[in-house]
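[1] sequence-free structure coming up:
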């Protein structure tokens, strides 16, 4: 395997004399298996005439799967100031950007500058606008791409994503209404039917159970069982999916009601009952309104346990 890693450093000055440092690492890789590269960690602080220091970080960790030579260039910058000359490479509205050049001019950039904000502002959405946005399919595909990068022990990649169409959604809603009606009466069933039909986007996430190619016990009761590990991986994938959609302006609700585990649900959605099981149904769409932020009952001191 051939690995060429080059790093360049450039310092620019702004109108008030402040300096900004940007580092770039270019990687040329030829590989025939999955490769994880730590391109290095470089921290540079520059002092300026007015005493203000700016720090830039280069710390990309790039997973690559390739069977032919690939060329990638990654730039990570964090700076208090962005020079106008750098605006074509760095979004001036964001402090943290990762720009990946895959060699064909198709650059993609991470646009969120505060990952913690994305994490903390995601909320379960109960009310959506009636129709999906025009680019919802590409947004969903991007979210699924993020989902499948979830932690996955033994790399079983157990997740499956079933996007439901209008006819299937109608049948699922009617099935759920009948289940509710059996327990709470026809009026409750009708109310639930009307409510569920308002959900614009439906994605059923399942976990594969076919792991015959791996020698291990398939039991949720065994702490090291593949079933347990795969379910955990799928839950991580759902979290990634919801966060990605939230970052794109779409809301989600992860549902796990009784209908998800009814054998008739499997038939309607087209699931292979002996090869996969439902982790949850994700409703998605544009939030009707901004949700309220719940007050957490516990502080860090209540949940963080330190040992000697």
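    Structure's in. What do you need? Keep in mind that what you see is a predicted model, and the values were worked out from it rather than measured. Residues are numbered from 1 along each chain as shown.
[2] can you list the domains in this protein?
    2-113, 119-285 (automatic domain parsing).
[3] Flag every buried residue along the strand or helix carrying residue 116.
    According to DSSP states H and E, residue 116 maps onto helix 115-121. Judged by neighbour count using 16 or more other Cβ atoms under 10 Å, helix 115-121 contains no buried positions. Glycine gets a C-beta too; all of them are placed from N, C-alpha and C.
[4] By mean pLDDT, show me the worst of the domains of the chain.
    Averaged per stretch, pLDDT over those is lowest on domain 2-113, reaching a mean of 38.
[5] Skipping its backbone neighbours, what lies nearest residue 171 in space?
    residue 268 (4.7 Å; Cβ to Cβ, 6 or more residues apart in numbering).
[6] Confirm for me that the one you found is in contact with residue 172.
    Yes. Residue 268 is within contact range of residue 172, at 5.7 Å (criterion: Cβ atoms under 8 Å).
[7] what about those two, which has more around it?
    Neighbour count, other Cβ atoms under 10 Å: between residue 268 and residue 172, residue 172 has more, with 23 against 18.
[8] Doesn't the more buried one belong to a helix?
    Yes. Residue 172 forms part of a helix when assessed by DSSP: H, G, I helix; E, B strand; the rest coil.
[9] so it touches residue 197, yeah?
    No. Assessed by Cβ under 8 Å, residue 172 is found out of contact with residue 197, at 10.0 Å.
[10] List the buried residues in the host helix or strand of the residue nearest to residue 171.
    Here residue 268, judged by DSSP H and E, is contained in helix 263-269. Neighbour-count burial for helix 263-269 flags 265, 266, 268, 269 (criterion: 16+ other Cβ under 10 Å).
[11] Determine which two of the residues you listed are furthest apart.
    266 and 268 (7.4 Å; Cβ to Cβ).
[12] same for the helix holding residue 268, what does it pack against?
    helix 166-184 (3 or more Cβ pairs under 8 Å, 6 or more residues apart in numbering; DSSP states H and E).
[13] let's go with 10 Å and repeat that
    Packing partners of helix 263-269 (3 or more Cβ pairs under 10 Å, 6 or more residues apart in numbering; DSSP states H and E): helix 166-184, strand 201-208, strand 276-285.
[14] I'd like the next helix or strand past the shortest one.
    Counting by DSSP H and E, the next helix or strand C-terminal to strand 201-208 is helix 226-247.
[15] angle of that following helix against strand 201-208?
    Angle of helix 226-247 versus strand 201-208, following axes from the mean of the first three to the mean of the last three Cα atoms, to 10 degrees, is 160 degrees.
[16] helix or strand right after helix 226-247?
    strand 251-255.
[17] so what does that following strand touch, helix or strand wise?
    strand 201-208, helix 226-247, strand 276-285.
[18] among the ones you listed, which is nearest residue 257?
    Closest among the helices and strands packed on strand 251-255, once you apply Cβ to Cβ, is strand 276-285, at 8.0 Å.
[19] tell me the angle the closest one makes with strand 201-208.
    Using the same axes, to 10 degrees: strand 276-285 against strand 201-208 is 160 degrees.
[20] which element follows strand 276-285 toward the C-terminus?
    Once strand 276-285 ends, the next helix or strand along the chain (criterion: DSSP H and E) is helix 300-303.
[21] What average pLDDT does that following helix get?
    Across helix 300-303, pLDDT averages out at 94.
[22] Can you give the contact residues for it?
    Contacts to helix 300-303, defined as Cβ atoms under 10 Å, 6 or more residues apart in numbering, come from residues residue 296.
[23] what do you get if the cut-off is 8 Å, keeping everything else the same?
    Where contact means Cβ atoms under 8 Å, 6 or more residues apart in numbering, no residue beyond helix 300-303 reaches it.
[24] With stretch 232-243 instead?
    In contact with stretch 232-243 (Cβ under 8 Å, 6+ apart) are residues 118-119, 122, 143-144, 146-153, 156, 158-159, 203, 205-207, 252, 254, 279-280, 282.
[25] mind running it again at 6 Å?
    Under the contact criterion Cβ atoms under 6 Å, 6 or more residues apart in numbering, stretch 232-243 has outside partners 118, 122, 143, 146-147, 150-152, 158-159, 205, 207, 252, 279.
[26] between the residues you listed, which is closest to residue 292?
    Residue 292 lies nearest to residue 122 out of the contacts of stretch 232-243, by Cβ to Cβ, at 13.3 Å.
[27] Could I get the contacting residues of that closest one?
    Counting by Cβ under 6 Å, 6+ apart, residue 122 touches 243, 246.
[28] gap between it and residue 248?
    To residue 248, residue 122 is 12 Å away according to Cβ to Cβ, to the nearest Å.
[29] same thing with residue 171?
    29 Å.
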